[in-house]
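Asks: Build the 3D model from these lines:
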Amino acid sequence: MQVLQSYPDRVTKILPDEPLTFIISVKDAPSDARIEVWTDIACKEFSATHDNGFAVPLVRKGTQGGVTRFERSVTPTRCGFFGFSVRYLAGKKWHWIGDDGSYEKRAITTLYVEPSWIPSAIIYNAFVRQFGAKDKNKDGIIEPGEGGTFNDLVDRMPHFKRLGISAIYLNPIQMTGDIFQYKDDLKPHYQDETNHLPLHMHPGSVYTVKDYKSIDPELGFNEKDPDTDQYHEFRRFVAECHKNGIRVILDIVFSHTARDSLIQRIHPEWFVYKKDPASLSEPYVYYESPEAEDYWGKPDYAFSPYDHDIFWTDCSRLNWNWKPVPGPNPHPRNPRIKEMRDYFKSVLRYWIKQYGVDGFRLDVSYAIPYDFWHEALADCRIAAHEICALHATSPEKQPLAPISSDIMFVGETYVDDVYELQECGLTMLNGDFSSKIFSVEQLKGYLDYAYNISGEFFPRNSRWMLFPECHDFSRLPEKFKSSLHHDWSDVQLNKSRWVLAATLPGTPMLHNGYEVVEHKNVSVRTYTGINWSSPKNITDYIGRVNHARNTHPALQKGSYTFVMSEQGVTGQAQVYAFLRDHTDHDGKRDTVLVVVNMDFNNKVDAVRIDLPTLSGYDWERPFVLHDLLTGATYERKGHEVLVLLEPGESHVFEVKGK
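Replies: Below is the predicted model:
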């Protein structure tokens, strides 16, 4: 008897309440062969009889060409990491099946069950300081004391509901360091952004965290209740979000700290030091070095993060004993790495327990060991499960809790360690989507890679966060500035790219100000605002697109098939089209055809698209296309569909046979 194939065969991401089918193909299986999957997965059909799992007997499904197929379906009930092994009974003895099909060594395949709410999630990114900033003098300048607050977010809750979003992701809200005492080379950055303030009056980068369990006092100011504080205001914001069915996601920065961070004072051994902290050629200073008294442990000399050939001089790099930056002498080891890892796990638990947050975005996630994220994710879910249970039974003891215990982790990366981060169990990665939406040719090439078309790049069912804009890059109208030929081109640009983000496979994220076609980027270092009174307001349009996504399973978790147009896949092509298709457990099918004119200056005038073969559809029979954005309905027949679209406009068609 020889095992030829098993499914799942490697790290696989699946959703709760969706059947998972184990399939084992065996050559020369005797008639009395018994095969079991031993697993610890939480499912409806079986309950664990041992601490390390239970057996799922597979059912013989038939033999063809000497190969017998065994299978069994189970339905996972909660998210998390699980494993399974395959064994067979020969005589009276069970044998484990190894990676190579032998029976000497037990092979364990990992399953990762995703949070159930992820497929339908639409995320709004609010940079609190910018979102609610008020230009009280109407002079175009945001002064200290005019930055946004949690109360501004609470007041705009109807806006979030109108957009149809289900989670709000906040950039870091902790206290920032007083970086200006240490580095003069940052002056040009601040002078370029707003030169009316002296250097010391800028609030500083939110990505230079001074105290991981603090909240910036400026964010807690409330004119209606001057006696409140930032901690109460953040709790009020989370409670209001949860009341409206909106989850809260925090940005967490574990790769580096502010130069004057509290943990640098308490745990100087968690950092490394150089006489010139922004130098590759300068040797590291060891604790035992003769010059240690002058440099080691001093915040001025803590080594700066070095990422993609850039030094970030306003912060200090934490030493994870991971990916050391080469120097003329060996990189020092962190002698207290276990304590550091435990501390940062406690930070995550703190925000869940004290404030009921529902997830984390992990800044520079590739700079942290993968096994830490794996452990932290499991740790957080255990804590969240206990916190949710206590909140349900004793709300007076636990006033706030996450909406559910399936905490989400979003890893930041663009090209670094993508497979490893997907494999270690992060819910999704925020990749490089915003830089890949310039042309049909560029976008398709990126998606063929990101969606794992060949099945070789990432674990099966890996997920991406899709955003046309974020705090790291220029706004879309600035990126495309030289290509905006009309006054309304920026509006059509934003409309077309949001349709792509919201309807392609992945989780869409809307950056604050996108809905009013803001041109000025957020500044992570100083005060900036958003022109909410702009006449270029596409809030209702985005709401219609998001409603289509929220009401159509195909747009949330359906398969993706590219649809070719007669323009081909070139840098000059206008039309990007694709099909999303999904059938639920009850056999109900949902099919959506999306056609986007990526040209925001010129119309698409009678361009044909060629509908590909799709199981269950005969395009030669009449079918109906119902546009979910306009309400228009069209009857068609044949695999060729003629498309006419105004600049930057889109069709989101529900497809139905007649």
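
Asks: Run a quick neighbour tally on the nearest residue to Glu218 once chain neighbours are set aside.
Replies: Spatial nearest neighbour of Glu218, excluding adjacent residues (C-beta to C-beta, 6 or more residues apart in numbering): Gly147 at 5.6 Å. Quick note: C-beta positions are derived from backbone N, CA and C, even for glycine. Counted with other C-beta atoms under 10 Å, residues neighbouring Gly147 total 24.

Asks: Regarding Gly147, what is its secondary structure?
Replies: coil (DSSP: H, G, I helix; E, B strand; the rest coil).

Asks: Then Glu233?
Replies: Assignment for Glu233 (three-state DSSP): helix.

Asks: Distance of it relative to His159?
Replies: 18 Å (C-beta to C-beta, to the nearest Å).

Asks: Give me the helix or strand of this structure that scores worst on average pLDDT.
Replies: helix 187-193 (a mean of 56; mean pLDDT, DSSP states H and E).

Asks: Grab the most central residue of this protein for me.
Replies: Val410 (3.8 Å; C-alpha atoms, centre = their mean).

Asks: is it true that that residue lies in a helix?
Replies: No - using three-state DSSP, the assignment for Val410 is strand, not a helix.

Asks: Contacts only, for it.
Replies: Tyr169, Ile249, Gly359, Phe360, Arg361, Leu362, Leu426, Thr427, Met428, Leu429, Asn430, Met465 (C-beta atoms under 8 Å, 6 or more residues apart in numbering).

Asks: Just the ones of those in strands?
Replies: Tyr169, Ile249, Gly359, Phe360, Arg361, Leu362, Met428, Leu429, Asn430, Met465 (DSSP state E).

Asks: Export those residues as CSV, with columns for pLDDT.
Replies: Below are the ones in strands among the contacts of Val410 laid out as CSV (pLDDT from 0 to 100):
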residue, pLDDT
Tyr169, 99
Ile249, 99
Gly359, 98
Phe360, 98
Arg361, 98
Leu362, 98
Met428, 92
Leu429, 92
Asn430, 89
Met465, 94
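
Asks: of all those residues, which comes closest to Val26?
Replies: In terms of C-beta to C-beta, no member of the ones in strands among the contacts of Val410 lies closer to Val26 than Met428, at 35.7 Å.

Asks: what's the neighbour count on the closest one?
Replies: 25.

Asks: Correct me if wrong: it contacts Ile118.
Replies: Yes - Met428 is within contact range of Ile118, at 7.3 Å (criterion: C-beta atoms under 8 Å).

Asks: any common contacting residues for those two?
Replies: Met408, Arg463, Thr507.

Asks: what's the angle from the longest helix along the chain to strand 408-412?
Replies: For the chain, the helix with the greatest residue count under DSSP state H is helix 370-393. Counting by axes from the mean of the first three to the mean of the last three C-alpha atoms, to 10 degrees, helix 370-393 lies at 150 degrees to strand 408-412.

Asks: Give me the buried stretch members for helix 370-393, please.
Replies: 370, 372-374, 376-377, 379-381, 383-385, 387-388, 391 (16 or more other C-beta atoms under 10 Å).

Asks: Identify the bridge partners of Ile252.
Replies: For Ile252, the beta-bridge partners are Leu362 (DSSP bridges).

Asks: OK, contacts around it?
Replies: Counted by C-beta under 8 Å, 6+ apart, Ile252 has contacts Pro172, Val347, Leu348, Phe360, Arg361, Leu362, Asp363.

Asks: and of the buried residues of helix 370-393, the nearest to Gly638?
Replies: Nearest member of those to Gly638, counting by C-beta to C-beta, is Leu377, at 48.9 Å.

Asks: looking at it, that closest one is touching Met408, isn't it?
Replies: No - counting by C-beta under 8 Å, Leu377 stays clear of Met408, with 9.4 Å between them.

Asks: re earlier: how about the residue nearest to the centre of the chain, nearest residue that isn't a chain neighbour?
Replies: Arg361 (4.5 Å).

Asks: Next, count neighbours for the one you found.
Replies: 25.

Asks: For it, list the residues it contacts.
Replies: So Arg361 contacts Tyr169, Ile249, Leu250, Asp251, Ile252, Val410, Glu412, Asn430 (C-beta under 8 Å, 6+ apart).

Asks: Looking at those residues, which is nearest Tyr306?
Replies: Closest to Tyr306, out of all of those and judged by C-beta to C-beta, is Glu412, at 16.7 Å.

Asks: Tell me the pLDDT of that closest one.
Replies: Glu412 is assigned 94 on the pLDDT scale.

Asks: Would you mind listing where the stretch 101-250 of the chain has pLDDT under the threshold?
Replies: 101-107, 179-196 (pLDDT under 70).

Asks: Mind jotting down where the strands sit in it?
Replies: Remark: strands assigned in the stretch 101-250 of the chain by DSSP state E, counting those that start in this stretch are 109-113, 123-126, 167-170, 247-253.

Asks: hang on, the earlier thing: most widely separated two among the contacts of Arg361?
Replies: Farthest pair in those, by C-beta to C-beta: Leu250 and Asn430, 14.3 Å.

Asks: Would you map out the domains in the chain?
Replies: 2-113, 123-257+341-373+407-550, 268-335, 557-657 (automatic domain parsing).

Asks: Ends of the shortest one, what's the gap?
Replies: In other words, domain 268-335. 11 Å (C-alpha to C-alpha, to the nearest Å).

Asks: what's the average pLDDT for it?
Replies: Here the average pLDDT along domain 268-335 is 95.

Asks: switch to numbering from 32
Replies: Okay, using 32 as the starting number, the last item reads as domain 299-366.

Asks: All set, thanks.
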